[in-house]
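# Give me a 3D structure for the following:
(chains A and B)
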Amino acid sequence: MDISTQQTDTDDTSPPTPPPPPSAEEKRAARGATRPGDRIFLGLSRGSGIFLLVIMAAIAVFLTYRAYLAISKDEANFLTAFEWNTSLLPPKFGIAVLAFGTVVSSIIAMVIAVPIAVAIALFITHYAPRRMSGPVSYVIDLLAAVPSIVYGLWGALVLVPHMDGLFGWLNDYLGWTGVFSWDQGAPRSMLTVGILLAVMILPVITNVSREVFRQVPQMHEEAALALGATRWEVIRMSVLPFGRSGVISASMLGLGRALGETMAVATVLSPDFDIHASLLNPGGGTFAQNIASKFNEATEFGRDALIASGLVLFVITLLVNGAARMIIARRKEYSGANA
Amino acid sequence: MSHASAVADKTPSTLRGASLPKWFPWALAAGSLALAAVIGVAGGLDSKVQWGLIAGILFVLGTYGIAAKVEGSRQAKDRIATSLVWVAFLLAVVPLVSLLWTTVARGVKVLDVYFLTHSMGVVADSEPGGGIYHAILGSLEQVGLATVIGAPIGILTAIYLVEYGRGNLAKAVTFFVDVMTGIPSIVAGLFILSLMLMLDMQPFGFAGSLALAILMMPVVVRSTEEMLKLVPNELREASLALGVPKWRTILKVVVPTSIGGIITGVMLAIARIAGETAPVLLLVFGNPFINANPFEGAQASLPLYIYQQYAQSAGSTAAYDRAWAASLTLIAFVMILNLLARGLARWKAPR
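Alright, predicted model coming up:
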């Protein structure tokens, strides 16, 4: 083995390249491997990297193609129609209700989850007694590990029956706004979905925020403490400004999760194809939930229509996640210059 | 008593001004709970949640009032922030405890050896009896195949990014791996579905594996990348200096050094895809009978079984009990995998 490698080594390096010094490990990697084993291995690993890119491209291409098949036969406006009748002749379907429901449920989830998640991240990094912060992180990881279908089952069979009290209270005091009016129906509504989604995205936001808060330069905090700041003032003046972009991108990762969540919404929501002003009355729908609920009775054309709605979801989550990643990447440079 | 300790606290730190004793928050919490109970009984409020809310409001107001009086408003704000952070933490624990408690309490009712070793073949969804053997079998096969496809591609991609990756291709791969992490599972399912529609195929287990592999790859890439970056450069240089080719250096030095972390990452990825329902719903379809062949015919799967027991049983208690028992099995599987992965990570951590 040793001899053969030495031989190939001398064979390859001595004749063709006059200038490069032997230290050129990096250059060799850059201009490609020279030995057969190296070439095969580089090919394999680069190939799988390219394969990932191909998959992403294929997802976009195939979804777009099937979506085109469906949308080109759609007699209603795909973006604004309030119905989903793919078995009619001619078929009529549109995503307005789904887009509205997806955005509303995700916003509710964000409004609830982001402050709590940031607080928990602060709790872990700055407030919890040292012995507690490890177990607390673990509890949060457990929340993240629970499969979404179990959340869905819990939401439908435990959370929904417990929402009556809250809904009654909201209806009594805020019902006049219209947003919180309630007709005493089963609370399988957007607000319940939003609360359940909040529980599910909480660990995502907490984990990323926690990492960001851990990276706050010790100097910043100590400087604030030395000036006599209380713990809250340290957090407000040094931790939060440093972590702001990290928290924003963490929230967007959570948002991406909430937008695409399927089973938890499908089990909890009782859907219809209309936009309701009230968050408490059942109805509405989301992209993912609609796909899961309508899939079984869909014809091949119906499936294409569902794929078309899935394409919209794909594009939305792509934009949200891409934006989140860009913010994170920018922050890395910033903190590197700062550390 | 309060007077004595306030004095004791005061004397050594004249610089910092007055401060409340350490037991103050606990005493105030107990006091506001008691007061809330009195108000609840007197006002005839029977919901314990309302008692808790009143106690919470009393506690926050009391903290602010007393602390502002004794320590000044800055300290009072600090105390408010502290209590809000604690409240947020407790709020997050409530759903977790409730979820685990319900799953265990309702799951153990029907979870026994019979349940684990029988299928739903002759049992109607609304009747008691039956089991999840077919679902466990389907899940294991689908997740296993997904791992066989997803893990090597993920690990190789991570090796490319860490050991070879420079230039635009590596940047593009890094970015799209990040973006891929956020693909909703149902979209991955729809992608495979569109392929199946074009090839005119019926649902089968392996189609689900393909979608799960797509979901698994970016997770594996991310975790493996982190692990490979931890391997010190001196090890690589020492090996290369001995004339070992780069690919053997990677396979014999770099990967073995970080193998614990790599396996941990793969196990966490498996735990994640084992609970995915949406792609399985679209591609594998579900089947009450035992189908051990993932390449032909509809199969069952554990998460899908839970969904179908919930959704197709019209509220039958027997079906709900089965759904909880299957949830307990699934959670147990995922948690054990998580614990093993963490244990392994600690045991094999690169030194």
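# Looking at the stretch 1-150 of chain B, which residue is nearest chain A?
Nearest to chain A, among the residues of the stretch 1-150 of chain B, is residue B:88, at 3.4 Å (Cβ to the nearest Cβ). Using the backbone N, CA and C atoms, a C-beta is placed for each residue, glycine as well.
# what comes up buried for stretch B:183-199?
Within stretch B:183-199, the residues scored as buried using 16 or more other Cβ atoms under 10 Å in any protein chain shown are B:183-197.
# Double-check that residue A:246 belongs to a helix.
Yes. Judged by DSSP: H, G, I helix; E, B strand; the rest coil, residue A:246 forms part of a helix.
# Would you mind measuring from it to residue A:99?
Per Cβ to Cβ, to the nearest Å, residue A:246 is found 29 Å from residue A:99.
# Pop out the phi and psi values for the closest residue to chain B within the stretch 201-339 of chain A.
Proximity of the stretch 201-339 of chain A to chain B (Cβ to the nearest Cβ) peaks at residue A:260, 2.4 Å away. The phi/psi pair for residue A:260 (degrees, to the nearest 10) reads phi -100, psi 0.
# Compute the number of surrounding residues for residue A:234.
Neighbour count for residue A:234, taken as other Cβ atoms under 10 Å in any protein chain shown: 21.
# Same check on residue B:78?
So residue B:78, with other Cβ under 10 Å, has 21 neighbours.
# Could you list the buried residues of the helix or strand harbouring it?
When secondary structure is defined by DSSP states H and E, residue B:78 falls within helix B:73-107. For helix B:73-107, the neighbour count (16+ other Cβ under 10 Å) marks B:75-85, B:87-89, B:92, B:95-96, B:99-100, B:102-103, B:106-107 as buried.
# Report the separation between the residue nearest the centre of chain B and chain A.
When chain B is reduced to its mean C-alpha position, the nearest residue by Cα atoms, centre = their mean turns out to be residue B:272, at 7.3 Å. As judged by Cβ to the nearest Cβ, to the nearest Å, residue B:272 and chain A stand 8 Å apart.
# Cross-check the contact I'm expecting between that residue and residue B:216.
Yes. Residue B:272 lies in contact with residue B:216 (Cβ atoms under 8 Å); the separation is 7.4 Å.
# quick revisit: what residues does the residue of the stretch 1-150 of chain B closest to chain A make contact with?
The contact partners of residue B:88, by Cβ atoms under 8 Å, 6 or more residues apart in numbering or on different chains, come to A:115-116, A:119-120, A:123.
# How many residues are close by the residue of the stretch 201-339 of chain A closest to chain B?
28.
# Thought residue B:188 was touching it, still the case?
No. Residue A:260 is not in contact with residue B:188 according to Cβ under 8 Å; the separation is 10.0 Å.
# closest point of the stretch 201-350 of chain B to chain A, which residue?
Nearest residue of the stretch 201-350 of chain B to chain A, counting by Cβ to the nearest Cβ: residue B:275, 2.4 Å away.
# Look up the pLDDT of whichever residue of the stretch 51-200 of chain A sits closest to chain B for me, please.
Proximity of the stretch 51-200 of chain A to chain B (Cβ to the nearest Cβ) peaks at residue A:147, 2.4 Å away. pLDDT recorded at residue A:147 is 93.
# Do a quick rundown of the strands in the stretch 1-150 of chain A.
A:84-85, A:92-93 (DSSP state E, counting those that start in this stretch).
# ok, the residue of the stretch 201-350 of chain B closest to chain A to residue A:185 distance?
30 Å.
# Neighbour count: those two, which is higher?
A direct count of neighbours by other Cβ under 10 Å for residue B:275 and residue A:185 places residue B:275 higher, at 25 against 13.
# How about the more buried one, nearest residue that isn't a chain neighbour?
residue A:147 (2.4 Å; Cβ to Cβ, 6 or more residues apart in numbering or on different chains).
# Enumerate every residue touching residue 149.
Using chain A. Residue A:149 touches A:263-264, A:267, B:275, B:277, B:303, B:306-307, B:327, B:330, counting by Cβ under 8 Å, 6+ apart.
# my bad, the chain I had in mind was chain B
Contacts of residue B:149 (Cβ under 8 Å, 6+ apart): B:209-210, B:213.
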